[in-house]
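Engineer: coordinates only, sequence not included:
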């Protein structure tokens, strides 16, 4: 690995003499596996993996939106949505791998993602996000049919959850987990019209 040094003009300079503005390096949209971004540390430039750069962008997304569920197609940052999807795929491979098989998911990255509340199951992540919206409406007293008419996606989700809850109460097969049933009972799903 070749080091890249900062010259007197403040531009980064590689061993081949090419120059670039180091302040722009971490904000580039780089597809993982093809390029390396660089981060300045005292007097030496050293490579930082795309995973680290995208992890930082995911942390910024979480700070702004309150979750890590970046849609696959997210126009402000198309690379981030794809990267999140790849991390979930790597985790799925890890959890289904036979003993002794290697996974492409780095254990350190897995721990870092879990530390910021990353959901490995995208369907559960979406369910939790919508539940949070419903619970917030319940807590503010705005989980009424009039208010739900203004939010058709939440209304549709609640209708589906109530149908699944009724199946559960009748002892029939349901898509809901025990934890999801408990959460729905917390917002009194059986009272929602």
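Structural biologist: The structure has been received and is ready for your questions. Keep in mind that what you see is a predicted model, and the values were worked out from it rather than measured.
Engineer: low-scoring pLDDT stretches of the chain, where are they?
Structural biologist: Within the chain, the stretches with pLDDT under 70 are 1-48, 99-103, 193.
Engineer: Go ahead and list the helix or strand containing the closest residue in space to residue 186 that isn't next to it in sequence.
Structural biologist: Nearest non-adjacent residue to residue 186, counting by Cβ to Cβ, 6 or more residues apart in numbering: residue 135, 7.0 Å away. From N, CA and C alone the C-beta is placed, and that goes for glycine too. Taking DSSP states H and E as the criterion, residue 135 maps to helix 122-139.
Engineer: The residue nearest to residue 186 contacts residue 187, correct?
Structural biologist: Yes: applying Cβ atoms under 8 Å, one finds residue 135 in contact with residue 187, separated by 5.4 Å.
Engineer: Which of these two has more residues huddled nearby?
Structural biologist: Using other Cβ atoms under 10 Å as the criterion, residue 135 and residue 187 rank with residue 187 on top: 19 against 15.
Engineer: What's the local residue count around the residue nearest to the more buried one when sequence neighbours are not counted?
Structural biologist: Spatial nearest neighbour of residue 187, excluding adjacent residues (Cβ to Cβ, 6+ apart): residue 138 at 4.2 Å. Residue crowding around residue 138 was assessed by other Cβ under 10 Å; the count is 17.
Engineer: where's residue 138 relative to residue 184, distance?
Structural biologist: Applying Cβ to Cβ, to the nearest Å, the value for residue 138 to residue 184 is 10 Å.
Engineer: With residue 122 instead?
Structural biologist: Remark: distance between residue 122 and residue 184 (Cβ to Cβ) = 20 Å.
Engineer: Of the two, give the one with the bigger neighbour count.
Structural biologist: residue 184 (22 against 14).
Engineer: three-state assignment of that one?
Structural biologist: helix (DSSP: H, G, I helix; E, B strand; the rest coil).
Engineer: quick one: the helices in the chain?
Structural biologist: Listed in chain order, the helices of the chain (DSSP state H) span residues 50-65, 78-96, 107-115, 122-139, 145-149, 152-169, 178-186.
Engineer: center of the protein - which residue?
Structural biologist: residue 68 (2.8 Å; Cα atoms, centre = their mean).
Engineer: tell me the contacts of that residue?
Structural biologist: 58, 61-62, 84, 113, 116-119, 125 (Cβ atoms under 8 Å, 6 or more residues apart in numbering).
Engineer: nearest spatial neighbour of residue 55, skipping sequence neighbours?
Structural biologist: Nearest to residue 55 is residue 112, by Cβ to Cβ, 6+ apart, at 6.0 Å.
Engineer: That neighbour: neighbour count?
Structural biologist: Residue 112 has 16 nearby residues by other Cβ under 10 Å.
Engineer: how near is it to residue 54?
Structural biologist: 11 Å.
Engineer: Start and end of stretch 143-159, how far apart?
Structural biologist: 12 Å (Cα to Cα, to the nearest Å).
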